[in-house]
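J.: Predicted structure and sequence below. I'll ask about it afterward.
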Amino acid sequence: MIGLEHFLILSAVIFSIGLYGALTKTNIIAIFMSIELMFNGVNIMAVAFSRWITPYTLSNEPSVITEEVVRHLLTGQAFAIFIIAVAAAEVALGLGIVMAIYRVRETVSITEANLLKR
């Protein structure tokens, strides 16, 4: 059976791949894709914790919270939706900056785009 540990390992692997890409790539588009991988790793972790940790904690008080209520908690999913919204805003702003840099420097390489040195 797939448990919490499997989702945490998957989340850590995806986050690590994104971190490696963000630290080693010089192309700004590849860096944005790596940051998105990191966000997705965090989303998987938030939903997994919501599924396995929160119901167990709330089920310790059975007189107040029924099993029906515990099964329908959406705290991790709501947090994941918030992360997706932030990631969409980050991509929109980042691509706007990339387009502005490309118009001036005609490159999307991070090492050659030194607009702030003027």
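T.: That came through, no problem.
J.: On the C-terminal side of the helix or strand of the chain with the lowest mean pLDDT, identify the next helix or strand.
T.: Ranking every helix and strand in the chain by mean pLDDT, DSSP states H and E puts helix 67-71 at the bottom, with a mean of 59. Using DSSP states H and E, the next helix or strand after helix 67-71 towards the C-terminus is helix 75-105.
J.: Return the distance of that next one from the chain's centre.
T.: Distance, stretch centre to chain centre, for helix 75-105: 11 Å (Cα atoms, centre = their mean, to the nearest Å).
J.: In this protein, where is pLDDT below threshold?
T.: Applying pLDDT under 70 to the chain picks out residues 54-72, 113-118.
J.: centroid residue for it?
T.: In the chain, the centroid-proximal residue (Cα atoms, centre = their mean) is residue 39; its distance is 1.1 Å.
J.: Contacts only, for that one.
T.: Residues near residue 39 by Cβ atoms under 8 Å, 6 or more residues apart in numbering: 18, 83, 84, 86, 87. Placement of C-beta: from N, CA and C, glycine included.
J.: Isn't the second one up against residue 42?
T.: So the one you mean is residue 83. Yes. Counting by Cβ atoms under 8 Å, residue 83 does reach residue 42; the two are 6.2 Å apart.
J.: out of these two, which sits in the more crowded spot?
T.: residue 42 (18 against 15; other Cβ atoms under 10 Å).
J.: what's the spacing between the more buried one and residue 4?
T.: In this structure, residue 42 and residue 4 are 15 Å apart, going by Cβ to Cβ, to the nearest Å.
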